Each structure stands twice: as structure tokens, then as C-alpha cells.
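**Q** The following block contains a protein sequence and its predicted model.
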Amino acid sequence: AMARLILDYGAILNVVVDQQFECGSRRAVGVVADMLGYVADASGYGHTVCNGSRLSETHGTTSRDYSTLALELHGAAWDISMLRAGGVSANIVTYAFIAANAQEIITQDVTCRECTCIDDGGWGHFICRVVGPGDLDRCKCKAESRDNQYVNGHCTTVA
């Protein structure tokens, strides 16, 4: 039920959980949907991205109830113990979190799902309302008429 609601709203789920993640032999501070892991770089102050991350140590149903759900819904999971450690570890999580979320915003699917008709005296002016995240400028409405009266609009996403 939760997954359906998240998908219906076009939302992305990110979780911060008491779980560790691995990328090869290195500990990742977080993992995004395509199993890309974020790990500390050699300087210890930044991060790099690695392929093939996996979920590891967990408590109870954390992995099933939170981490796996977030990854299946194109989100991410982040290790709260790295934040709790503070200092450089917390900084790396913060920078990686910002980088991952910025990438989600840049590459998000924009869908225009609903047009709302505004009566402007018979000319049939239509506006497009986006449900979920999206860029309103990329949505255009096409008018539908019946008996010379505009009655509905249909949204399309434009490049």
C-alpha cells in the first residue's frame, strides 16, 4: 500500500536507517536505486561512486521494510551511524546525500498527468497541473471540443 501511494504521487523515497552498506571491500555511506554506492574518497573528506553496492548488516526488518523499499522505488538508503559519528563521516554522508538528490532532480521523469479546464468565455483555455514532481513548463495541453464547446484538455510532455 505504501509503495503504491509513493508511485502514484511520483515521489522518491529516501531513508536514513541503522544499516550498513558495502561496495566491494569498502563501507558505503549510502546506496542509490541502481546499486551505486557512495564511499569516502582517499582524502577522507569527499566521496566517490562505485558500482555493485549491497545492503549488509541490519537490525530486525530494517532492510525489508525501509532500505529495499526505498531502492525499489528509485530512491536511496543512507547509514545513520555515519551521521551519528559526526565529524568527517557526517560530512561525507551530507555531501553524498546532496549529490545523489541533485542527480535525482536532474534526471527525474517529468510526467504531465492532469489537465484542468478553465472556462474563459468559450475559447477553451486549458492549463496543465502536474501531479507529483515535475516541470510545469514542459507540460502542454491539447484542447478537446464537442459541439464547438471546449470540454476537456489532454496533457503531453514536451522536450
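**A** Cool, got the structure.
**Q** Just say helix, strand or coil for A77.
**A** strand (DSSP: H, G, I helix; E, B strand; the rest coil).
**Q** ok, the spatially closest residue to it that is not a sequence neighbour to E104 distance?
**A** Of all residues not flanking A77 in the chain, S67 sits nearest, at 4.0 Å (Cβ to Cβ, 6 or more residues apart in numbering). All C-beta spots, glycine's among them, are computed from the backbone N, C-alpha and C. According to Cβ to Cβ, to the nearest Å, S67 stands 17 Å off from E104.
**Q** re the thing from before, now the residue nearest to A77. Its backbone dihedrals?
**A** Dihedral pair for S67: phi -60, psi -50, per degrees, to the nearest 10.
**Q** doesn't W78 make contact with it?
**A** No: the criterion here is Cβ atoms under 8 Å, and S67 misses it with W78 at 9.3 Å.
**Q** Need the residues touching each of the two.
**A** Residues touching both S67 and W78 by Cβ atoms under 8 Å, 6 or more residues apart in numbering: V15, V17.
**Q** Of those two, which one has the most company?
**A** W78 (25 against 22; other Cβ atoms under 10 Å).
**Q** List the contacts of the more buried one.
**A** By Cβ under 8 Å, 6+ apart, W78 lies in contact with N14, V15, V16, V17, V29, G30, V93, A96, F97.
**Q** at 7 Å instead, please
**A** Counting by Cβ atoms under 7 Å, 6 or more residues apart in numbering, W78 touches N14, V15, V16, V29, G30, V93, F97.
**Q** If it is in a bridge, with which residues?
**A** Beta-bridge partners recorded for W78 (DSSP bridges): V16, G30.
**Q** and stretch 43-58, average pLDDT?
**A** Confidence for stretch 43-58, expressed as mean pLDDT, is 85.
**Q** Can you give me the buried ones in that stretch?
**A** For stretch 43-58, burial by neighbour count (16 or more other Cβ atoms under 10 Å) applies to H47, V49, C50, S53, L55, T58.
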